[in-house]
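Asks: need a structure here:
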Amino acid sequence: NLKDTAYNSSRYGIRLDNINGDVLFSKDHVTTDKLTANYFSTPVSLNIGTDNQAELTSTLEGDADAEFISKQMVHFFPGLKDFAGQLKERMNGVCRWSASITTPYHTGGENQTTVDSLTIKSSLSGLSLDLPEPVGKKFTPRPLEINTVLSGQPEQEIMFSYGDLLTGNFKLHKGDKTNTLNAELAVGPGEKITNEGKGLSIHGKVDELDLSDWTRLIHSLDLEPGAGNSNEINIDLIASNLVYFDQAFDNTAINLKNNGETWQVNIAGDGIEGNINIPADTKTSPVIANFRKLHLKKNEEYTQQNSIDPRTQPPMEMTADDFSYGAFELGKMDLSTSRSKDGLAINSITFTKPKLDISGKGTWENKNNEEFSNFDFTLKADQMHTMLKAFDYSVNPIKDGATTLKMNALWHGSPMDFSLADINGSLTM
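Replies: Model prediction:
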């Protein structure tokens with residue numbers, strides 16, 4: 001009979017206080033009856049039992065809220081302290097959990113090493129996680145299971161599953177001075193762990209991948225992924241619907257690699273095909289983007305949620321051989337931007353197609369949470385109807401006439417919100 005007993009395990013890094021209940025044992029078996037304790041000031045039940053003289057299993061069960069989960073992360077992984085605190089703000093509710101340590105019986109020999117296995121399980125029912133898919137969830141169940149072996153050896157392998165959406169494998173090697181980690185995440189039902197490659201590998205298929213949600217998360221959690229990180233990172237995903245703020249692209253494959261100096265992004269899908277190089281420091285060096293095609297859709301349902309804040313955008317040098325926006329087929333686009341006090345300076349933007357040239361420069365800024373675009377444009381067309389057709393106007397009234405048009409325009413919103421009906425400025429033709 002145990003009453004207000006404490007147990008401390010330096011091997012597992014856990015402590016139980018206020019242990020109360022009965023432990024029953026014989027020569028061959030151990031079991032418990034109504035054994036309770038406090039773990040991190042949280043009530044838990046403790047069950048101990050034997051299985052046919054083959055192994056001994058000790059199981060803790062309890063309830064976990066955001067505070068409890070955050071404490072566990074900091075306790076076992078001190079380097080995640082800041083991240084755990086930020087993640088805690090994105091969790092809500094309470095879920096049931098269990099953690100079982102299974103120890104096999106010795107079969108003889110004084111030098112025999114005991115290898116324990118750890119299994120952590122939770123349905124996560126009752127806990128919501130405010131993160132983008134496929135990681136985020138509502139209060140509904142999404143089973144989580146984590147398995148590892150507690151051998152005390154320098155190498156440790158951790159495997160986990162998160163519903164049928166995510167499977168993971170982490171291999172940690174603890175060296176004398178440094179630790180190395182190889183991690184693989186398989187995304188989507190049926191996607192298998194390959195145990196290939198080094199560093200971080202993420203691969204699979206998803207119904208929807210919202211890059212804008214992940215971008216907001218990275219900014220809010222201050223997790224800017226510097227490309228100078230020496231760890232290999234390879235992300236290879238296929239999305240039925242790839243979303244970036246107010247743009248969506250169907251059947252899109254995206255590959256991201258970290259080569260130590262830049263992030264290299266290759267993307268191919270309906271309406272988009274090209275590559276992007278993202279430097280380690282986007283505050284001083286521009287993002288370089290080259291697209292073979294870039295077909296953007298005109299989103300009439302503009303909302304603050306799907307808008308881009310120009311103050312968070314890096315400087316960019318971009319080309320697109322085949323660029324269109326809605327019904328506007330504008331040919332080849334070249335764009336150069338730099339940071340300004342309140343957003344972006346568009347140093348130059350040009351559109352070139354047979355018999356039509358458009359060039360301009362301007363600013364895209366956010367002041368007091370209001371977006372403004374201010375541009376100077378020059379349009380030159382060998383024939384007037386070429387210009388009208390490019391902007392989806394009727395070409396019937398005018399057939400010929402070389403035309404030069406100069407415009408200074410100011411409007412609310414981003415450059416993509418340009419509309420003749422909503423601008424203020426001057427026009428010379």
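
Asks: hey, where'd the strands end up in the stretch 51-200 of the chain?
Replies: For the stretch 51-200 of the chain, the strands defined by DSSP state E, counting those that start in this stretch cover 55-64, 91-93, 95-104, 116-122, 127-129, 144-150, 155-162, 166-174, 179-187, 200-210.

Asks: Give me the packing partners of the fifth one, helices and strands only.
Replies: Spelled out, it's strand 127-129. strand 91-93 (3 or more Cβ pairs under 8 Å, 6 or more residues apart in numbering; DSSP states H and E). For every residue, glycine as well, the C-beta is placed using N, CA and C.

Asks: before we move on, back to that, would you mind finding the most buried of the strands of the stretch 51-200 of the chain?
Replies: Highest mean neighbour count of the strands of the stretch 51-200 of the chain: strand 127-129, a mean of 20 (counted as mean count of other Cβ atoms under 10 Å).

Asks: mean confidence score for it?
Replies: Mean pLDDT, strand 127-129: 96.

Asks: try stretch 34-43
Replies: pLDDT averaged over stretch 34-43 gives 94.

Asks: For that stretch, measure first residue to last.
Replies: Taking Cα to Cα, to the nearest Å, the first and last residues of stretch 34-43 lie 13 Å apart.

Asks: measure residue 42 to residue 71 for me?
Replies: Look at residue 42 and residue 71: by Cβ to Cβ, to the nearest Å, they are 9 Å apart.

Asks: Quote the end-to-end distance of stretch 190-200.
Replies: 20 Å.

Asks: On the three-state scheme, residue 311 is what?
Replies: Following DSSP: H, G, I helix; E, B strand; the rest coil, the label given to residue 311 is helix.

Asks: quick revisit: please identify which of the strands of the stretch 51-200 of the chain is closest to residue 371.
Replies: strand 200-210 (21.0 Å; Cβ to Cβ).

Asks: Enumerate residues external to that closest one that contact any of its residues.
Replies: 132-134, 182-188, 191, 194, 231-244, 254 (Cβ atoms under 8 Å, 6 or more residues apart in numbering).

Asks: For PyMOL, write the select line for the buried members of these.
Replies: Typed into PyMOL, the line below selects the buried ones among the contacts of strand 200-210, using 16 or more other Cβ atoms under 10 Å:
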select buried, resi 132+134+182+183+184+185+186+187+188+191+233+234+235+237+238+239+241+242+243+244+254
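
Asks: So which of the contacts of strand 200-210 are in helices?
Replies: Among the contacts of strand 200-210, none falls in helices (DSSP state H).

Asks: Please, where are all the strands along the stretch 251-400 of the chain?
Replies: For the stretch 251-400 of the chain, the strands defined by DSSP E, counting those that start in this stretch occupy 262-269, 272-279, 287-296, 316-325, 328-340, 343-353, 356-367, 370-381.

Asks: could the ones you listed go into TSV alongside distance to residue 159, mean neighbour count and mean pLDDT?
Replies: Formatted as TSV, the strands of the stretch 251-400 of the chain follow (distance: least, Cβ to Cβ, whole Å; neighbours: other Cβ atoms under 10 Å; pLDDT from 0 to 100):
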stretch	distance to residue 159	mean neighbour count	mean pLDDT
strand 262-269	28	17	92
strand 272-279	31	19	94
strand 287-296	36	17	96
strand 316-325	40	19	96
strand 328-340	43	17	93
strand 343-353	44	18	94
strand 356-367	45	18	93
strand 370-381	46	18	91
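
Asks: Nearest to residue 19, out of the ones you listed?
Replies: Of all these, strand 262-269 comes closest under Cβ to Cβ, at 50.7 Å.

Asks: and the gap between the residue nearest to residue 150 when sequence neighbours are not counted and residue 74?
Replies: Leaving aside its sequence neighbours, residue 150 sits nearest to residue 116 (Cβ to Cβ, 6 or more residues apart in numbering; 4.3 Å). Distance, residue 116 to residue 74, by Cβ to Cβ: 23 Å.

Asks: Ok, residue 270 next?
Replies: From residue 270 to residue 74 the distance is 44 Å (Cβ to Cβ).

Asks: Look at these two and report which has more neighbours.
Replies: Between residue 270 and residue 74, counting by other Cβ atoms under 10 Å, residue 74 is the more crowded of the two (17 against 14).

Asks: Would you check that that one makes contact with residue 87?
Replies: No: here residue 74 lies out of contact with residue 87, judged by Cβ atoms under 8 Å, at a distance of 10.8 Å.

Asks: got the phi/psi numbers for the residue most central in space within the chain?
Replies: Nearest to the mean C-alpha position of the chain, by Cα atoms, centre = their mean, lies residue 214 at 4.2 Å. Backbone torsions of residue 214, given as degrees, to the nearest 10, read phi -70, psi -30.

Asks: So what does the nearest residue to it once chain neighbours are set aside have for phi and psi?
Replies: For residue 214, ignoring the flanking residues on the chain, the nearest one in space by Cβ to Cβ, 6+ apart is residue 132 at 5.2 Å. The phi and psi values for residue 132, taken as degrees, to the nearest 10, are phi -60, psi 160.

Asks: Can you name the residues that contact the closest residue to residue 62 other than its chain neighbours?
Replies: Spatially, and ignoring its direct neighbours in sequence, residue 62 is nearest to residue 44 (3.8 Å; Cβ to Cβ, 6+ apart). By Cβ under 8 Å, 6+ apart, the contact list for residue 44 reads 16, 36, 37, 38, 60, 61, 62.

Asks: For whichever helix or strand the second one is part of, name the packing helices and strands.
Replies: To tie it back to what came earlier, the one meant is residue 36. Following DSSP states H and E, one finds residue 36 within strand 30-39. Applying 3+ Cβ pairs under 8 Å, 6+ apart, one finds that strand 30-39 contacts strand 14-25, strand 42-51, strand 55-64.

Asks: quick one: contacts of the last one?
Replies: The reference is to strand 55-64. Under the contact criterion Cβ under 8 Å, 6+ apart, strand 55-64 has outside partners 30, 39, 42-51, 72, 94-105, 122, 127.
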